[in-house]
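J.: just coords:
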């Protein structure tokens, strides 16, 4: 079995959404004094490779802990969008080459190649985003989730988070941000898991996103 990690490592110096405090990993026990190691982690629920549920945007809507476990596992398809220029739009023309695989996938993961900018100021630049036609197509389907190797489904300058609001208004699914290594997953369906921490009333959670091929 071939397994690919699609998750950025959580560390003190990692990129975070502008205005968000970076995570803090602090020792509370060390081998020399306590005989074991233990670390206190302080971070927001949308740190690193993470997942949004509808409750991230709408009060009273679906939280991550309310989803059944099978929401976070299924067949995924990577949509190659690396030909889209900075600030450009991902359209249905990027999905149609994959034929029926787009319809049978549980997760659509949009590969921008943006993870190559991780750790640099350019990561917060003008990454490509899906247009309304793609978002409408997703909303008309039965997907468990979508994902991106960028910091948001919305442009970094969109303070209204327009796509987040449209995605979650009437749909119980998840949105994954800050994925990596999508370019290693090929163009066919593969098994994918993206389990979040089970936090009460969860508006989001870091995840360990993994692809595997039998």
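T.: Now that the structure is in, tell me what you want to look at. The structure presented is a predicted model; accordingly, all values stated were derived computationally and were not measured.

J.: how about the strands of the chain, start to end?
T.: Here the chain has its strands, by DSSP state E, at 2-5, 24-29, 38-42, 50-52, 73-80, 89-90, 107-111, 129-130, 145-148, 174-177, 190-196, 205-213.

J.: Now render those strands as TSV, adding mean pLDDT, distance to residue 98 and mean neighbour count.
T.: Quick note: C-beta positions are derived from backbone N, CA and C, even for glycine. Formatted as TSV, the strands of the chain follow (pLDDT from 0 to 100; distance: least, Cβ to Cβ, whole Å; neighbours: other Cβ atoms under 10 Å):
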stretch	mean pLDDT	distance to residue 98	mean neighbour count
strand 2-5	98	19	13
strand 24-29	98	39	11
strand 38-42	98	38	10
strand 50-52	98	23	27
strand 73-80	98	6	20
strand 89-90	98	13	18
strand 107-111	98	9	24
strand 129-130	98	15	26
strand 145-148	98	14	25
strand 174-177	98	19	24
strand 190-196	98	13	21
strand 205-213	98	16	19
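
J.: what's the burial count for residue 15?
T.: Counted with other Cβ atoms under 10 Å, the neighbours of residue 15 add up to 19.

J.: which one is it nearest to, not counting chain neighbours?
T.: In space, and not counting its chain neighbours, residue 15 is closest to residue 123: 5.4 Å by Cβ to Cβ, 6 or more residues apart in numbering.

J.: which residues in the chain form helices?
T.: 31-34, 101-104, 132-140, 162-168 (DSSP state H).

J.: for those, which one ends up most surrounded?
T.: Highest mean neighbour count of the helices of the chain: helix 162-168, a mean of 19 (counted as mean count of other Cβ atoms under 10 Å).
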